[in-house]
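Participant: what would the 3D arrangement of this be:
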Amino acid sequence: MILSAPSTVIVGLGSNLGDRFEALQRALELIREEAGEITAASSVWETEPWGFEADEQFLNMVIVIETRLEPKRLLQLFRSIEGRMGRKKSGGGKYESRIIDIDILFWEGRVISLPGLEVPHPKIAGRRFVLEPLAEVAPAAVHPVTGLTVTEMLQLCDDNSDVRLAARQL
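Facilitator: Numbering: from 1, shown residues only. Presented below is the predicted three-dimensional model:
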């Protein structure tokens, strides 16, 4: 279903396989072509894997898009983009290395609970690799459940993972 008015959606992207910068760039192109206008993009941050062991570091960033797609359709589109870019899931729900990962973090001030989609992203407050780039593009965004801003979540985050600036622009 196409919505009559665009929604502002904040999206996280990550890659730790192959040419990571190229993977992020290609994902941005596909999102721009198929999901809607990208109105803001964070710097690219290099981070260690979160929740699993891997030799490859991640590149992560956050974008803000204006889309007319409904939440379920946008999620399907993101899974399609991941698949077309070569992401393979081993199953079992475990964290693993990936060519691209695209997650819906916030959908305006809404709380959405659908099969396979929880918005705001349920682990956002505990992941520095999400909060650092998110604070660049939407520091005052308010988590609709906790009432905390992104800046406040970052200050309270106890994730001590190594998160460092990799590139100012992609």
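Participant: buried ones in the helix or strand residue 152 falls within, by neighbour count?
Facilitator: Assigned by DSSP states H and E, residue 152 belongs to helix 150-156. When neighbours are counted by 16 or more other CB atoms under 10 Å, the buried residues of helix 150-156 are found to be 150, 152, 153, 154. The C-beta positions use only the backbone N, C-alpha and C, and glycine is treated the same way.
Participant: which residue packs closest to the last one, ignoring adjacent ones?
Facilitator: Spelled out, it's residue 154. The spatial neighbour of residue 154 that comes closest, neighbours along the chain excluded (CB to CB, 6 or more residues apart in numbering), is residue 131 at 4.3 Å.
Participant: the one you found: which element?
Facilitator: Per DSSP H and E, the secondary structure element for residue 131 is helix 128-137.
Participant: tell me where the model's unsure across this structure.
Facilitator: 1, 51-52, 89-96, 170 (pLDDT under 70).
Participant: count of neighbours near residue 145?
Facilitator: Counted with other CB atoms under 10 Å, residues neighbouring residue 145 total 10.
Participant: one more: residue 37?
Facilitator: Residues lying near residue 37 (other CB under 10 Å) number 11.
Participant: just the C-alphas of the helix holding residue 152, formatted as PDB.
Facilitator: What follows is helix 150-156, C-alpha atoms only, in PDB (Å, rounded to 0.1, in the frame of the first residue of the first chain):
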ATOM      1  CA  VAL A 150      18.800  10.200  21.000                       C
ATOM      2  CA  THR A 151      21.400  12.400  22.800                       C
ATOM      3  CA  GLU A 152      20.200  11.200  26.100                       C
ATOM      4  CA  MET A 153      20.200   7.500  25.000                       C
ATOM      5  CA  LEU A 154      23.800   8.000  23.800                       C
ATOM      6  CA  GLN A 155      24.800   9.500  27.200                       C
ATOM      7  CA  LEU A 156      23.200   6.600  29.000                       C
END
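Participant: the helix or strand following it pairs with which strands?
Facilitator: Sequence-wise, the next helix or strand downstream of helix 150-156 (DSSP H and E) is strand 163-167. Strand pairing for strand 163-167, determined by DSSP bridges: strand 44-47 (antiparallel).
Participant: contacting residues around the partner strand?
Facilitator: For strand 44-47, the surrounding residues in contact (CB atoms under 8 Å, 6 or more residues apart in numbering) are 21, 24, 57-61, 128-129, 132-133, 161-167, 170.
Participant: what comes up buried for the lengthiest strand in the chain?
Facilitator: Counting residues, the longest strand in the chain under DSSP state E turns out to be strand 2-15. Across strand 2-15, burial judged by 16+ other CB under 10 Å covers 7, 8, 9, 10, 11, 12, 13, 14, 15.
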